[in-house]
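Student: my questions are about this predicted structure, shown below with the sequence.
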Amino acid sequence: MVRRENIMVPKPRSNFVSVQCKKCGEKTVVFTHTTIDINCKSCGEPVATKTGARAEILGKVMGVLDQ
Ligand SMILES: [Zn+2]
């Protein structure tokens, strides 16, 4: 008897979103599963924060960028 093991490799749907800073309006591309906090490159306002899974977007999401 042949045992066929179907090992599903989890593929998290990770992509990039364009986030607009609430403070200055600068757009920053944020990886949705970032493991670091992302700050606005212009004014330093946090635009995304790590949660351990999907990042919490703090700014305004302007669009999703597929890889
Ligand atoms: Zn900013």
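Tutor: Okay, I see it.

Student: separation between the spatially most central residue of the chain and the ion?
Tutor: By Cα atoms, centre = their mean, the mean C-alpha position of the chain lies nearest to residue 32, the distance being 1.1 Å. According to Cβ to the ion, to the nearest Å, residue 32 stands 19 Å off from the ion. Where you see a C-beta, it was placed from the backbone N, CA and C, and this is true even at glycine.

Student: I'd say that residue and residue 19 touch.
Tutor: No: the pair residue 32 / residue 19 is not scored as a contact, 9.9 Å apart, by Cβ atoms under 8 Å.

Student: mind listing the shared neighbours of these two?
Tutor: Residues touching both residue 32 and residue 19 (Cβ atoms under 8 Å, 6 or more residues apart in numbering) are residue 57.

Student: put the alpha carbons of the helix-or-strand element of the chain with minimal mean pLDDT into PDB.
Tutor: One helix or strand of the chain scores below all others by mean pLDDT, DSSP states H and E: strand 60-65, with a mean of 92. Taking Å, rounded to 0.1, in the frame of the first residue of the first chain, the C-alpha atoms of strand 60-65 are listed here in PDB:
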ATOM      1  CA  LYS A  60      -5.000  55.100   5.000                       C
ATOM      2  CA  VAL A  61      -4.700  52.200   2.500                       C
ATOM      3  CA  MET A  62      -4.500  53.600  -1.000                       C
ATOM      4  CA  GLY A  63      -4.300  50.300  -2.800                       C
ATOM      5  CA  VAL A  64      -2.900  46.800  -2.900                       C
ATOM      6  CA  LEU A  65       0.200  46.000  -4.900                       C
END
